[in-house]
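Asker: return a 3D structure for these sequence lines:
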Amino acid sequence: LHRRIRGLVAAQGWRRPSSALGERRAPVKADGSFTFKGLLNGHYLARVLPNWAHGGSWPILGEASLDFSGKGPGDKLEIPLVEGMVGGVLLNQDGLPLSGALLILRSLPSDPDSGSAVRVWPPARSATDGSFALVDLPPGDYEIELVAGDTRLLRQVEIRPGSLETVGFGLISPRSGLVE
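Answerer: Modelled structure (predicted):
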């Protein structure tokens with residue numbers, strides 16, 4: 001899985017010993033580059049977020065630290081991404097593509113007793129050819145809920161770094177009221 005992310009880079013900075021420099025955000029361009037203008041000298045932690053997380057702080061798809069001195073002609077920072085994706089093709093009971101089905105993705109806590117919050121991603125819909133893809137996912141365990149008419153189905157999937165996981169739902173009858 002090699003692709004350029006279109007998203008945001010958020011840099012939280014501080015000076016030693018502990019005075020805050022605040023947070024800056026920059027969009028990631030189509031070529032994968034980003035620029036922070038007017039940074040003060042200090043230490044920064046840069047985190048890559050998906051485009052839809054413009055006001056949030058998760059999910060983190062990659063991070064790297066930078067000691068910025070402002071002395072070099074364009075300090076460079078490469079941020080390795082740790083992300084995967086999940087997709088599949090939805091077919092109705094006649095084996096034809098099922099378009100417009102709603103897919104809701106939720107993170108599952110690694111330890112159910114930890115009290116970790118369940119995170120919900122923005123919903124997606126299947127395309128006219130029945131395909132769906134949920135991208136920019138940090139490694140971990142997830143639950144995908146499919147809603148098509150009266151039918152609701154659940155599947156669990158583990159996302160590994162750099163992976164494209166495929167999830168199957170079998171033949172779907174949107175009017176059956178089937179709930180799993």
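Asker: name the nearest residue to L171, sequence neighbours excluded.
Answerer: Nearest residue to L171 in three dimensions, chain neighbours excluded: Q93, at 5.1 Å (C-beta to C-beta, 6 or more residues apart in numbering). Every residue, glycine included, has its C-beta placed from N, CA and C.
Asker: so what pLDDT did V82 get?
Answerer: Per-residue pLDDT puts V82 at 84.
Asker: next: V118.
Answerer: Per-residue confidence (pLDDT) for V118: 81.
Asker: and the strands in the chain?
Answerer: Taking DSSP state E as the criterion, the chain carries its strands at 7-15, 19-27, 42-50, 62-68, 84-89, 91-92, 102-108, 124-125, 131-137, 140-148, 151-159, 164-166, 171-172.
Asker: beta partners for L49?
Answerer: Beta-bridge partners for L49, by DSSP bridges, are L8.
Asker: so it touches G62, yeah?
Answerer: No: in this structure L49 lies outside contact range of G62 using C-beta atoms under 8 Å: 9.4 Å.
Asker: who has more neighbours out of those two?
Answerer: Between L49 and G62, L49 has the larger neighbour count (other C-beta atoms under 10 Å), namely 24 against 18.
Asker: before we move on, the earlier item: any chance of JSON lines for the strands of the chain, columns distance to V118?
Answerer: Formatted as JSON lines, these follow (distance: least, C-beta to C-beta, whole Å):
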{"stretch": "strand 7-15", "distance to V118": "22"}
{"stretch": "strand 19-27", "distance to V118": "25"}
{"stretch": "strand 42-50", "distance to V118": "18"}
{"stretch": "strand 62-68", "distance to V118": "22"}
{"stretch": "strand 84-89", "distance to V118": "17"}
{"stretch": "strand 91-92", "distance to V118": "29"}
{"stretch": "strand 102-108", "distance to V118": "5"}
{"stretch": "strand 124-125", "distance to V118": "18"}
{"stretch": "strand 131-137", "distance to V118": "14"}
{"stretch": "strand 140-148", "distance to V118": "9"}
{"stretch": "strand 151-159", "distance to V118": "13"}
{"stretch": "strand 164-166", "distance to V118": "19"}
{"stretch": "strand 171-172", "distance to V118": "25"}
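Asker: and the ones you listed, which one averages the lowest pLDDT?
Answerer: Looking at those, the bottom one is strand 7-15 with a mean of 54.
Asker: OK, contacts around S107?
Answerer: V118, R119, V120, G140, D141, Y142 (C-beta atoms under 8 Å, 6 or more residues apart in numbering).
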